[in-house]
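J.: predicted model follows, preceded by the sequence.
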Amino acid sequence: MFKAVIFDMDGLMLDTEVLLRRFWCEAANEMGYPMRPEHVLGIRSLSSAYAIPHLNRVFGSFDYAKVRARRIELMNAYIAENGIRKKKGLDELLRFLKEQGIKAAVCTATDYPRTERYLKSVGVYDFFDDFICGNMVKNGKPAPDIYQNACLKLGLDPGDCIALEDSPNGVISAAIAHLNVIMVPDLSQPSEDIKPLLYDCCESLDKVIDVIKAAGRQEE
C-alpha cells in the first residue's frame with residue numbers, strides 16, 4: 001500500500017485553472033499583451049523562473065510581475081464574490097486516505113497564504129499533513145525540488161508516494177523526483193510524451209481510490 005498521496009492544487013483539487021486562464025488573459029489584454037488561452041496553458045504550474053522567459057519568448061517582452069499582480073487582483077475579486085468549486089471526488093478521496101492512515105500533502109506553485117485560504121474555504125485544509133508551496137523552494141515545477149522536499153518532510157521514499165497532477169509540467173516535476181504519478185486531467189489530456197511518465201490516469205479524484213486499492217491487493 002502506498003504511504004502518502006501528494007496533491008497539486010489548482011486544476012487538481014480546485015476548479016481554478018479555468019479562472020487562471022480567464023484572468024491571465026484579461027490582465028494581460030488590459031496591458032496590451034495579446035495573451036490567449038493557449039498561452040496560459042503553456043505556463044500551467046510553472047514557477048516564475050520558467051514562466052518569465054517563456055512569455056518573453058512568446059511576446060518579445062512581458063511584464064510578468066505587473067500582469068501577475070493584476071491577475072491576482074481580478075481573480076481574488078471573483079472568488080470573494082463567487083467562491084471556489086472543488087473537483088469531483090476530492091472529499092471521497094481525502095476521507096479514504098484518512099481512514100486508511102495514508103498521509104496526504106500538498107505540492108503547489110501557489111504561495112502558502114493563498115493555498116491556506118483556498119483550501120480552508122472549501123473545508124479540506126485539515127486533511128493534509130504538510131504543505132509545500134512555490135515560495136518555499138528555490139526551483140519550482142517542472143524541476144523536481146518541490147516533490148523531493150515533500151518526501152523529505154514526510155520522511156518517505158518517493159517510491160512509496162503517489163503524486164496527483166493535472167498538468168504536464170506538474171507530471172514532469174513529480175516523475176523526475178521518482179514518485180508514482182497519477183494524472184487527473186483538467187484542461188488537457190496527457191500527450192504522447194507525457195503518457196510514459198504516468199503510473200495511471202484517472203478521470204476524477206474518486207477513481208484514484210480504486211488505483212490505491214488495486215496496488216494494495218497486488219502486495220498481498
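T.: It's in. Nothing here was measured: the structure is a model prediction, and the numbers come from that model.
J.: and the pLDDT at Glu220?
T.: Note for Glu220: predicted pLDDT of 60.
J.: and Arg70, by the same measure?
T.: For Arg70, the model assigns a pLDDT of 97.
J.: for this protein, just list every one of the strands.
T.: Counting by DSSP state E, one finds strands in the chain at the ranges 4-7, 103-108, 130-133, 161-165, 180-183, 200-201.
J.: elements contacting the longest one?
T.: Under the contact criterion of 3 or more C-beta pairs under 8 Å, 6 or more residues apart in numbering; DSSP states H and E, the helices and strands touching strand 103-108 comprise strand 4-7, helix 90-100, helix 112-121, strand 130-133, helix 145-154. The C-beta positions use only the backbone N, C-alpha and C, and glycine is treated the same way.
J.: just say which of the ones you listed is most tucked in.
T.: Among those, ranked by average contacts under mean count of other C-beta atoms under 10 Å, first place goes to strand 4-7 (a mean of 26).
J.: can I get the CA coordinates of it in CSV?
T.: The C-alpha coordinates for strand 4-7 follow below in CSV (Å, rounded to 0.1, in the frame of the first residue of the first chain):
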residue,chain,number,x,y,z
ALA,A,4,1.3,9.0,1.0
VAL,A,5,-0.6,10.9,-1.6
ILE,A,6,0.7,14.3,-2.6
PHE,A,7,-1.7,16.6,-4.3
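J.: partner strands of that strand, with direction?
T.: Each strand pairing with strand 4-7, determined using DSSP bridges, is listed with its direction: strand 103-108 (parallel), strand 161-165 (parallel).
J.: okay, these in TSV with mean pLDDT next?
T.: Supplementary listing: the strands paired with strand 4-7 in TSV, determined by pLDDT from 0 to 100:
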stretch	mean pLDDT
strand 103-108	97
strand 161-165	98
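J.: so Arg36 touches Glu26, yeah?
T.: No. Here Arg36 does not reach Glu26: they are 11.6 Å apart, not a contact under C-beta atoms under 8 Å.
J.: before we move on, back to that, can I get the helices and strands packed on strand 103-108 in JSON lines with mean pLDDT?
T.: As requested, the helices and strands packed on strand 103-108 are arranged in JSON lines below (pLDDT from 0 to 100):
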{"stretch": "strand 4-7", "mean pLDDT": "98"}
{"stretch": "helix 90-100", "mean pLDDT": "98"}
{"stretch": "helix 112-121", "mean pLDDT": "94"}
{"stretch": "strand 130-133", "mean pLDDT": "96"}
{"stretch": "helix 145-154", "mean pLDDT": "96"}
